[in-house]
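> With the input below, show me the fold.
(2 chains)
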Number of protein chains: 2
Amino acid sequence: MIDGVRAGERRAIARAISMVEDGAADLPTLSAGLFAHTGRAHIVGLTGAPGAGKSTLTEQVVRTARAHELSVAVLAIDPTSPFTGGALLGDRLRMQTHATDPGVFIRSMATRGHLGGLALAAPEAVRILDAAGYDVVIVETVGVGQVELDIATAADTTLVVVTPGWGDAIQVAKAGILEIADIFVVNKADRDGAGKAARDLETMLTMGPERAWTPPVRATSALNSEGIEPLWEAIGAHRTYLETTGELHERRRGRLAAEVEEMVAQQMRTRVAALLADETQLLQDLDARRIDPYAAAGILRGRVS
Amino acid sequence: MIDGVRAGERRAIARAISMVEDGAADLPTLSAGLFAHTGRAHIVGLTGAPGAGKSTLTEQVVRTARAHELSVAVLAIDPTSPFTGGALLGDRLRMQTHATDPGVFIRSMATRGHLGGLALAAPEAVRILDAAGYDVVIVETVGVGQVELDIATAADTTLVVVTPGWGDAIQVAKAGILEIADIFVVNKADRDGAGKAARDLETMLTMGPERAWTPPVRATSALNSEGIEPLWEAIGAHRTYLETTGELHERRRGRLAAEVEEMVAQQMRTRVAALLADETQLLQDLDARRIDPYAAAGILRGRVS
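Okay, here's the model as predicted:
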């Protein structure tokens, strides 16, 4: 399968990503075999509130990348839901548009068995697509929560998508996404208030600390294919900035270290949970309020190794 | 300070919550002193996408609780942002409305130094308000990400607020919030599409597995004070359901165990991070792709105790 992925065989890639989703037992072997062949792709994260038009925008970016003769993989991260099973109609529709283009690979991903959830599964899946030779890997997430932000920022270039209707700049600040965007996209720019939303964002960006890279704000109307080329240019400009300043290498090094830390932290969490489940007396004392959470945690900590 | 909190003194309560925010060194002492005096308040979580009108809705619920002669504390959870410092205009405005009512306490909370972030800080702050004697404690969160959901579901009764304009039922499923709501609120019900949004939600709720409690869907227009009394009745009905079935005790026991597990898991994470920072050679090998993340995690895990 390692050879299949490296040769860009779609079936091998799809199966490798399923292994990541399932937390398959031989994932470490796959990881070891592919890791040396990663690092070439430009990883682009795309996040924003539900309903911001991220899927349509992603498809337009894919189209533009293809027009520039670059191959593209899209990893659409869905939260696991027992109702939908993570397979959403929209993704299946998108698949069809590019189904006959060998330079495009689109895959939605949920987690089933992967320990550590999407925050660990996503970078692994990205490395598979990177090793498979795609020039650009787009990671699209749903929502603006911490996990989604973690995933989106595990990219070289992070796009944050807002809409005029989504809320004002204060909402952006509230959601904590002002700090993580490399590029802001005001999508649905044909709607009322788009100009104001863009200006508000630009104003807020001047209010923070001095930055080496000031995130540009680009207006798009993905449904009408408007503003996509300027957005594409901004993505390229950010990549150039990352490469010329050495920040690309710096960011990637930091992300790898964070990933290893997260892996071990997850293993320790599993161990802690198993120990606690056996602590019948401690749990009873906690339930009866005879011992408080801090004291209980202290006792449990003493038993971890 | 423990006596002050138990006596319901506002200054003592405010200082105790600041201790939680800062992760103060004597937090375990405070926790130990208050824990035995908690468990009386009805904890109501309130979450939903930014712009859904959660703040206005919270204020209406506070008003209704007061009309029923119950005291109320509100804990508004804001993500920390270097731009806003977590202190938002809206919260200050809300403070003023109830500033002279001794039966209302409103506080917005961010995390500064608390290890483990809001997921651990929030239940601690809730216990302070519980021990202080408030009949109802409302925990309001921004966003629909995992951390926000974790906080909102650390309640006896979780309200999920959506709006007609926020998106359709598919978006709700995508965000993974269908499973966590005890009560759905379709706010801004004066807008177009409110009836459809409510019906869509009700339809989706019938599609899942059989439930002991089927979340009711309530339409409100918080700005116009409409639909609040029926929502209040639904909150009361859920409390009665929790008490008569024993699920209140069950949920609280589960939450306490989860909190202790999280505390120790966070301590272990801190330990893992400290160990990794000293692994210069390992980090260099990782950076040069001589060792893959799984193998690096295996080595690091062997060094944790």
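> Near A:Asp278, how many other residues are there?
When neighbours are counted by other CB atoms under 10 Å in any protein chain shown, A:Asp278 registers 10. (Glycine included, C-beta is placed from N, CA and C.)
> Quick one, grab the pLDDT at it.
We have a pLDDT of 95 for A:Asp278.
> Next, it: phi, psi?
A:Asp278 adopts backbone torsions of phi -90, psi -10, taken as degrees, to the nearest 10.
> And for A:Leu283?
phi -70, psi -40.
> for the nearest residue to it once chain neighbours are set aside, what are its contacts?
Distance criterion CB to CB, 6 or more residues apart in numbering or on different chains; nearest residue to A:Leu283, sequence neighbours excluded, is B:Ala257 at 5.8 Å. Contact analysis of B:Ala257 by CB atoms under 8 Å, 6 or more residues apart in numbering or on different chains lists A:Leu276, A:Leu283, A:Leu286.
> so A:Val161 touches A:Thr47, yeah?
Yes: using CB atoms under 8 Å, A:Val161 makes contact with A:Thr47 at a distance of 7.0 Å.
> low-confidence ranges in chain A?
By pLDDT under 70, the low-scoring segments of chain A are A:50, A:78-96, A:111-116, A:142-147, A:165-177, A:208.
> ok, now with 50
A:80-89 (pLDDT under 50).
> So it: which segments form each domain?
Chain A breaks down into these structural domains: A:2-245, A:246-305 (assignment by automatic domain parsing).
> which one of these is the most hemmed in?
Of these, the one with the most neighbours on average (mean count of other CB atoms under 10 Å in any protein chain shown) is domain A:2-245, at a mean of 19.
> which stretches of chain A form helices?
A:2-6, A:10-22, A:27-35, A:54-67, A:89-97, A:117-131, A:146-153, A:169-174, A:194-207, A:228-245, A:247-277, A:280-287, A:293-301 (DSSP state H).
> The ones you listed into TSV, with extra columns for distance to B:Ala237?
Putting these into TSV (distance: least, CB to CB, whole Å) gives the following:
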stretch	distance to B:Ala237
helix A:2-6	54
helix A:10-22	39
helix A:27-35	47
helix A:54-67	38
helix A:89-97	35
helix A:117-131	34
helix A:146-153	32
helix A:169-174	31
helix A:194-207	40
helix A:228-245	49
helix A:247-277	33
helix A:280-287	26
helix A:293-301	30
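> Out of those, which is closest to B:Asp156?
helix A:280-287 (15.6 Å; CB to CB).
> Tell me how far that closest one lies from the chain's centre.
39 Å (CA atoms, centre = their mean, to the nearest Å).
> can you list contacts of that helix?
A:Leu276, A:Ile291, A:Asp292, A:Pro293, A:Ala296, A:Ile299, A:Leu300, B:Arg253, B:Leu256, B:Ala257, B:Val260.
> nearest to A:Asp182, of the contacts of B:Ala257?
Using CB to CB, the contacts of B:Ala257 come closest to A:Asp182 at A:Leu276, 40.3 Å.
> and that closest one, how far is that from A:Ala189?
For A:Leu276, the distance to A:Ala189 equals 51 Å [CB to CB, to the nearest Å].
> Leaving out sequence neighbours, find the closest residue to A:Arg267.
That one is not Arg; residue A:267 is Gln. B:Arg301 is the one closest to A:Gln267 (CB to CB, 6+ apart), at 5.7 Å.
> if I look at the one you found, how far off is B:Glu279?
On the measure of CB to CB, B:Arg301 and B:Glu279 end up 12 Å apart.
> likewise A:His37?
A:His37 is 24 Å from B:Glu279, by CB to CB.
> and what of A:Met204?
A:Met204 is 39 Å from B:Glu279, by CB to CB.
> Please apply the same query to A:Arg66.
Taking CB to CB, one finds A:Arg66 at 42 Å from B:Glu279.
> Identify the residues contacting A:Leu46.
A:Lys54, A:Leu57, A:Thr58, A:Val61, A:Ile138, A:Val139, A:Glu140, A:Thr141, A:Ala152, A:Thr158, A:Leu159, A:Val161.
> Please name the bridge partners of the fifth one.
This points to A:Ile138. Under DSSP bridges, the beta-bridge partners of A:Ile138 are A:Val44, A:Val74.
> Quick check, it in contact with A:Val72.
Yes: contact criterion CB under 8 Å: A:Ile138 and A:Val72 qualify, at 6.6 Å.
> what residues does the stretch 201-305 of chain A put near chain B?
Residues of the stretch 201-305 of chain A lying close to chain B by CB under 8 Å from any CB of the partner chain are A:204, A:207-209, A:253, A:256-257, A:259-261, A:263-265, A:267-269, A:272-273, A:276, A:283, A:286-287, A:289, A:292-298, A:300-301, A:304-305.
> separation between A:Arg290 and B:Ala257?
From A:Arg290 to B:Ala257 the distance is 15 Å (CB to CB).
> Next: A:Val104.
46 Å.
> Repeat that for A:Leu27.
For A:Leu27 relative to B:Ala257 (CB to CB), the value is 29 Å.
> next one: A:Pro230
52 Å.
> likewise A:Gly133?
With CB to CB as the criterion, A:Gly133 and B:Ala257 are 47 Å apart.
> got it, and A:Glu259?
From A:Glu259 to B:Ala257 the distance is 28 Å (CB to CB).
> One more: A:Phe184?
From A:Phe184 to B:Ala257 the distance is 42 Å (CB to CB).
> Please apply the same query to A:Asp101.
Taking CB to CB, one finds A:Asp101 at 50 Å from B:Ala257.
> same check, this time on A:Ala257
31 Å.
> same question, A:Glu202
47 Å.
> likewise A:Glu279?
From A:Glu279 to B:Ala257 the distance is 9 Å (CB to CB).
> same check, this time on A:Ser31
33 Å.
> Kindly report the same for A:Phe35.
37 Å.
> Isn't A:Arg255 up against A:Ala154?
Yes: contact criterion CB under 8 Å: A:Arg255 and A:Ala154 qualify, at 5.7 Å.
> which residues do these two both contact?
A:Pro123.
> Excluding chain neighbours, what is closest to A:Leu223?
Nearest to A:Leu223 is A:Thr56, by CB to CB, 6+ apart, at 5.7 Å.
> Would you mind measuring from the one you found to chain B?
Separation of A:Thr56 from chain B (CB to the nearest CB, to the nearest Å): 14 Å.
> Was I right to think that residue contacts A:Ala222?
Yes: at 4.1 Å, A:Thr56 counts as touching A:Ala222 under the criterion of CB under 8 Å.
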